[in-house]
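Asker: any chance you could fold what I've pasted below:
(4 chains)
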Protein chains: 2
Amino acid sequence: MPKKKTVEPDITTEEKIKEAARKVFLQKGYAATRTRDIAEEAGLNLALLNYYFRSKEKLFEIVMMEKVQKLFGVLAPILNDNSTSLEKKIELAATNHIGMLMENPDLPLFVMSEIRNNPERFAGKIQAVKLIQESHFVKQLKEKRPDINPLHFVISLLGMVLFPFIAKPVLQEAGSLSVKGFQSMMEERKALVPIWMKALLKTR
Amino acid sequence: MPKKKTVEPDITTEEKIKEAARKVFLQKGYAATRTRDIAEEAGLNLALLNYYFRSKEKLFEIVMMEKVQKLFGVLAPILNDNSTSLEKKIELAATNHIGMLMENPDLPLFVMSEIRNNPERFAGKIQAVKLIQESHFVKQLKEKRPDINPLHFVISLLGMVLFPFIAKPVLQEAGSLSVKGFQSMMEERKALVPIWMKALLKTR
DNA sequence: GCCACTTTTAATCATTTGATTAAAAGTTTT
DNA sequence: AAAACTTTTAATCAAATGATTAAAAGTGGC
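Answerer: Predicted structure coming up:
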């Protein structure tokens, strides 16, 4: 039953603005986004944006934190599961991460760029990476291969998974990859990355 | 001997502007850069920028093309050398590319972001990627491992090399990596990437 | 030293942009 | 239905920004 209003709208004005902001910020980045773009996308008056969120920057921070969480959030539970093997973690991480990214292909480049463009704002606010470094996954890795710097391995795994999505615009603009072609490659990659990452574990 | 002037300045006004533009665009990206930032960085009048380059956009395109060339230019001669083995190419590509990137760590994220933000402008203008796909390296790879999609392998190699530099701001802002720490890791990685990429070639 | 040409400067424009304001419309409480 | 509060709108502001202009300063040829 409705809480306050006679007729509670299925989507509030506040949520409409956020949704538009998610879309426009992700597409154009903070600097190139005009508050008017967001208002127009939401089909609302520009002043409403400031009424609900005070400023472009405040709205951006909300969206940005969501995106960071989305980008790394999938990994934490997988890499911290005490009941799975190292190999299984690699499989799950690759498959699930790639799956999520296929639905949000712009996510990695967006997050990396915006942190790059305004590092101070996010200093210390990103626990995701530290969470990975202290994960059960890293413990298992240290045990199996004490000679390998875990950060090198994690960066390589993340690179295998994230980099194709970061390079996507370049590959496509170079004309060497169609939208369909990219999709099917990423589907293949779900199986390929685990095979290749496990091969790294066997190097002597 | 000088061509025109009595005293040819060791650095021309035009080059001063370009140099400032390289620095500011690379640091802040196109959208966040003000033409005044560039003029100030160059220690020159704002109008001079338009006198020499007509517009912010024209100046940017010049800088951007330089950066794309710098980012991929190292690879072309290495991957197209008919006299080296597949393994040697991997070694040289990794070592030289990482070496260059250690001196230009912002390059990958800058290029990827700007192409992302304005794909139309660069459509077809990037032959670098196509050059890699038709390289001697890819031919050798097809011969050795006809079962591997070369693009998967190239993306993985590029990811191993470029991704650490793309993730650098995140890693550093997460507080998990100092400037010194990053430097020494990248030095290690020059040797590590070849070992690991060769391991991929041996997967069955 | 004068003339044509290039380079540089200071001042100014027209637009764009993030934000505010004051009033109108809508809703809830009494 | 009157009062109190919230939400929405249209109009407007001040600052920032890319670009232009007209005049000044500098340079080389004669």
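Asker: pLDDT at residue A:38, what is it?
Answerer: Residue A:38 is assigned a pLDDT of 98 by the prediction.
Asker: what sits against it?
Answerer: Applying CB atoms under 8 Å, 6 or more residues apart in numbering or on different chains to residue A:38 gives the contacts A:17, A:20, A:21, A:24, A:25, A:49, A:59. All C-beta atoms are positioned from the backbone trio N, CA, C, and that covers glycine.
Asker: may I see the buried residues of the helix or strand containing it?
Answerer: Assigned by DSSP states H and E, residue A:38 belongs to helix A:35-42. Burial within helix A:35-42, assessed by neighbour count using 16 or more other CB atoms under 10 Å in any protein chain shown, is assigned to A:35, A:37, A:38, A:39, A:41, A:42.
Asker: now swap in stretch A:72-92 and tell me
Answerer: For stretch A:72-92, by 16+ other CB under 10 Å, it's A:72, A:74, A:75, A:78, A:79, A:80, A:84, A:86, A:89, A:90, A:91, A:92.
Asker: with stretch A:19-33 instead?
Answerer: Those would be A:20, A:21, A:22, A:24, A:25, A:26, A:28, A:29, A:30, A:31, A:32, A:33, for stretch A:19-33 by 16+ other CB under 10 Å.
Asker: from residue A:168, how far out is the closest residue to the third one other than its chain neighbours?
Answerer: Which is residue A:22. Excluding the flanking residues, the one nearest residue A:22 by CB to CB, 6 or more residues apart in numbering or on different chains is residue A:63, at 5.4 Å. Distance from residue A:63 to residue A:168, counting by CB to CB, to the nearest Å: 21 Å.
Asker: repeat for residue A:114
Answerer: Relative to residue A:168, and taking CB to CB, residue A:114 is found at 17 Å.
Asker: thinking again about what came up before, format the buried residues of stretch A:72-92 as CSV; extra columns: distance to DNA strand D.
Answerer: Formatted as CSV, the buried residues of stretch A:72-92 follow (distance: CB to the nearest atom of the strand, whole Å):
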residue, distance to DNA strand D
A:72, 32
A:74, 34
A:75, 37
A:78, 39
A:79, 41
A:80, 39
A:84, 46
A:86, 49
A:89, 45
A:90, 45
A:91, 47
A:92, 42
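Asker: distance from stretch A:165-185 to the middle of the chain?
Answerer: 18 Å (CA atoms, centre = their mean, to the nearest Å).
Asker: to clarify, my last question referred to stretch A:73-80.
Answerer: 13 Å.
Asker: for the lowest-mean-pLDDT helix or strand in chain A, the distance to its chain's centre please.
Answerer: One helix or strand of chain A scores below all others by mean pLDDT, DSSP states H and E: helix A:128-133, with a mean of 85. Relative to the chain's own centre, helix A:128-133 is displaced by 14 Å; criterion: CA atoms, centre = their mean.
Asker: helices and strands around that helix, which ones?
Answerer: helix A:56-73, helix A:75-79, helix A:150-173 (3 or more CB pairs under 8 Å, 6 or more residues apart in numbering or on different chains; DSSP states H and E).
Asker: now with 10 Å?
Answerer: Applying 3 or more CB pairs under 10 Å, 6 or more residues apart in numbering or on different chains; DSSP states H and E, one finds that helix A:128-133 contacts helix A:56-73, helix A:75-79, helix A:150-173, helix B:150-173.
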